[in-house]
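Colleague: I need the structure of the sequence given here:
(chains A and B)
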Amino acid sequence: MKTSSTSRRQVLSRSAALIGAASTGLLVSEQAQAQTGKLRVGLMLPYTGTFAQLGVAIENGFRLAINEQGGKLGGREIEFFKVDDESEPSKGIENANKLVQRDKVDVLVGTVHSGVQMGIHKVARDSGVLSLIPNAGVHAATRAQCAPNVFRTSFSNSQPTRALGAAMMAKGHKKAVWITWKYAAGDEAFEGFKESYTAAGGTIIKELGLPFPNVEFQALLTEIAALKPDAVACFFAGGGAAKFMKDYAAAGLQGKIPLYGSGFLTEGVLDAAGPAANGVMTTLHYSDSLDTPRNKEFRLNYAKTFKLQPDVYAVQGYDTGLLLIQGMNAVKGDVTKKVELYKAMESATINSPRGKWTMSKAHNPVQDIYLRIVENKENKVLGVAAKALADSGAGCKIS
Amino acid sequence: MDFPTFLIQLLNSVQYGLLLFMLAAGLTLIFGIMGVVNLAHGSFYMLGAYLAYWLSTLMGSLTLAIIVGIALAVLFGLALEWLLFRHFYERDHLDQVLLTFGLIYIFEELRSILWGDDVHGVTIPEALSASIPLTDNLSYPVYRLFMSAVCIALALGLYWLIAKTRLGMKIRAGAFNRDMTEALGINIKLIHAVVFALGVGLAAVAGMIASPISSVYPNMGSQVLIMCFVVVVIGGIGSVRGALISALLVGLADTFGKVLLPSMSGMLVYMLMAAVLLWKPEGLFKA
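Modeller: Numbers count the residues shown, from 1 in each chain, chains lettered A, B, ... in the order given. Modelled structure (predicted):
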């Protein structure tokens, strides 16, 4: 690594000498900047559209983590560059390039939407820029297409549902129906449920699905009532999740057939869903009501700083900050020391509000997944559903 | 599928179809009579839903919210027609698409500024909040039946307005031959303004009525817009009767598709559209 960077420097200065004095000056200043100037941090997050609040929560959490450490990374001042990715996959590569090529960021933090993430991922793999994923759970990023410079601080799409199977069998639900939107995130969530539930001895009697983001559930609820399973497991999020729980209750299924889901079912929609959400059990790597001193301290600081209550997305942004701090401290802010930087981040233990977690070989969190139940518009923690749960990282080779 | 389940699914199809009709009716009217391709139609649906949420929190009653909401939506429609749409009746469809596509973004941004990006719920009025048990573990919400009743009433009202009243006659005449109608001393500009406001009102009513069971959330308009266009195209552009029949067909295809052919459920409605267009390129009914 060291020799290659030296030779690149030689090539650069030689060609610069050929081009002329003016451009030599430019190159020298750029080189100097990489060592001592401000660290350039790019934030590519949704600031408009459906996921706008998630983007804001992630940025808030990220800034809070860094400000708690004096507002510097590895002793260097920070300059932020922001791009609104609009959760628009078709602009993913273009927007990531704005940060990497135009703004020449040292680290790119983003994003929420899995489709957009794949755009960032391509740019990160091509350019080698350090890429931190604060939410998007798309499997490929830490499986077949994993990369040494890409780290995820949130979850993989199948991670929350991978804790469902054992929890449901423990309650004696032997036959279950699965229902989700038929799209990548839904299919990946199903993988976690299917593998854990069948491994625990359960039988999935039917898989139901509807196209994303269709919210006409009535026909499928009728089907569920006719199938009479012991329990229903699902993956929905956002407005569709609120509607699903309300329709489930209105169809008379609430209380008769227990409803389980990936924790995103009940994140940010409990006010909208109202009593229809009561009794819904979900698995996730965090809960607002997690009763630990670390979480309480975090929630208090966040609320004081931003006059807002933090959510799981704010925690993920916060952890992204914590991870970057550990990496940068290890190399004293010198991002050109890639080997040491990645090693420090790989071996980091993050003391997160969600509980301590570590990085897997494929750069995805190894973390506890909690079992939660909705009571009075709150996700109450029932316990740890799966301890130190890791994503399989299938197909990932980081040399 | 046993027989009772089949009947319940049939009820589901009809109920979904009627809701689609209410949405598509306004679109097909504006399309058929003024020739405006209105991509912002879904935004009016969203407007209705957010008005229902906002006004019902403010006034504590959904019924009251819907009455005030209808008035606001119709006024909004009139203002929009006067400011923008009336200058686009004679323009190319592409110009109209550009205008209304831009409007979608403006309305989304306004929605974000006015009401934020949260998901909200609207409470079902007490009198309609019950459910009727159908089988040992399935109940049918009374509110859904009420929705269907409202949709049927609106369909009948619309039929009566267009087929039986003087205003309806003028509307039909204006759509058939604008210049001739004007020459007969009918104020076509006024007619157009009324039809446009009616279209906006219908979409907003659909949004308001649907809000308690659909929840209120960002981008909800664009999700229904595509289905609306499918209904209008199958039914025949501009035909209200066509929209009704096509909405019911789409409801059937969607409901039974999800249950019987789950892997193809996303495609089935579009296959229905393709089949109808192969058989009748102008849709089921010509306006």
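Colleague: Now do A:Q254 against chain B, distance only.
Modeller: Look at A:Q254 and chain B: by Cβ to the nearest Cβ, to the nearest Å, they are 10 Å apart. Every C-beta, even on glycine, is put in place using the N, C-alpha and C of the backbone.
Colleague: List the contacts of that residue.
Modeller: By Cβ atoms under 8 Å, 6 or more residues apart in numbering or on different chains, the residues touching A:Q254 are A:248, A:276, A:278-279.
Colleague: how about the helices in chain A?
Modeller: Assigned helices in chain A, in chain order: A:2-19, A:21-36, A:52-68, A:92-97, A:114-127, A:164-170, A:184-199, A:218-227, A:238-250, A:270-273, A:293-306, A:312-330, A:338-346 (criterion: DSSP state H).
Colleague: Just give the number of residues close to the closest residue to B:L72 other than its chain neighbours.
Modeller: Closest residue to B:L72 apart from its sequence neighbours, by Cβ to Cβ, 6 or more residues apart in numbering or on different chains: B:L51 at 6.1 Å. Other residues near B:L51 number 24, with proximity taken as other Cβ atoms under 10 Å in any protein chain shown.
Colleague: I'd say A:F212 and A:K182 touch.
Modeller: Yes. Between A:F212 and A:K182 there is a contact under Cβ atoms under 8 Å: 6.7 Å.
Colleague: still on that earlier bit, return the member of the contacts of A:Q254 nearest to B:M220.
Modeller: Closest approach between the contacts of A:Q254 and B:M220, by Cβ to Cβ: A:A276, at 18.1 Å.
Colleague: so who does that closest one touch?
Modeller: When contacts are counted by Cβ under 8 Å, 6+ apart, A:A276 touches A:245-246, A:248-250, A:254.
Colleague: so what are the domain limits for chain A?
Modeller: A:37-156+A:292-366, A:161-284 (automatic domain parsing).
Colleague: okay if I get the ones you listed as a markdown table plus mean pLDDT?
Modeller: Converted to a markdown table, these look like this (pLDDT from 0 to 100):
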| stretch | mean pLDDT |
| --- | --- |
| domain A:37-156+A:292-366 | 95 |
| domain A:161-284 | 93 |
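Colleague: Quick check: which of the ones you listed is nearest to B:L284?
Modeller: Each of the domains of chain A has some distance to B:L284 by Cβ to Cβ; the shortest is domain A:161-284, at 22.1 Å.
Colleague: returning to what we had before: quick check: the two most widely separated of the contacts of A:Q254?
Modeller: Across the contacts of A:Q254 (Cβ to Cβ), the longest gap, 11.4 Å, separates A:Y248 and A:N278.
Colleague: These two - which one has more neighbours?
Modeller: Each of A:Y248 and A:N278 has its neighbours counted (other Cβ under 10 Å); A:Y248 has more, 23 against 17.
Colleague: Could you tell me which residues of the stretch 201-350 of chain A lie near chain B?
Modeller: A:207-211, A:213-216, A:218-223, A:225-226, A:228, A:238-239, A:242-243, A:246-247, A:250-253, A:256-257, A:268-269, A:271-274 (Cβ under 8 Å from any Cβ of the partner chain).
Colleague: Can you select the buried ones from these in ChimeraX?
Modeller: To isolate the buried ones among those in ChimeraX, judged by 16 or more other Cβ atoms under 10 Å in any protein chain shown, type:
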select /A:208,209,210,213,214,215,216,218,219,220,221,222,223,225,226,238,239,242,243,246,247,250,251,252,253,257,268,269,272,273,274
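Colleague: Nearest the geometric middle of chain A, what residue?
Modeller: The centroid of chain A falls nearest to A:N135 when counting by Cα atoms, centre = their mean (2.1 Å).
Colleague: Touching, that one and A:V112? I think so.
Modeller: Yes. Using Cβ under 8 Å, A:N135 is in contact with A:V112, at 4.6 Å.
Colleague: what is in contact with those two at once?
Modeller: Shared contacts of A:N135 and A:V112, defined by Cβ under 8 Å, 6+ apart, comprise A:54, A:58, A:313.
Colleague: Which of those residues has the largest number of neighbours?
Modeller: Ranking these using other Cβ under 10 Å puts A:I58 first, with 31 neighbours.
Colleague: can you map out the helices along the stretch 51-200 of chain B?
Modeller: B:62-83, B:93-115, B:142-164, B:166-176, B:178-183, B:188-214 (DSSP state H, counting those that start in this stretch).
Colleague: out of these, deepest packed?
Modeller: Most buried of these, by mean neighbour count (mean count of other Cβ atoms under 10 Å in any protein chain shown): helix B:188-214, with a mean of 24.
Colleague: so where's chain B uncertain?
Modeller: B:287 (pLDDT under 70).
Colleague: any chance of the contacts of A:Q254 in a markdown table, plus distance to B:L154?
Modeller: Below are those laid out as a markdown table (distance: Cβ to Cβ, whole Å):
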| residue | distance to B:L154 |
| --- | --- |
| A:Y248 | 28 |
| A:A276 | 28 |
| A:N278 | 35 |
| A:G279 | 37 |
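Colleague: burial of residue 127, as a residue count?
Modeller: As the question left the chain open, I've gone with chain A. Neighbours around A:S127, by other Cβ under 10 Å: 15.
Colleague: actually chain B
Modeller: 10.
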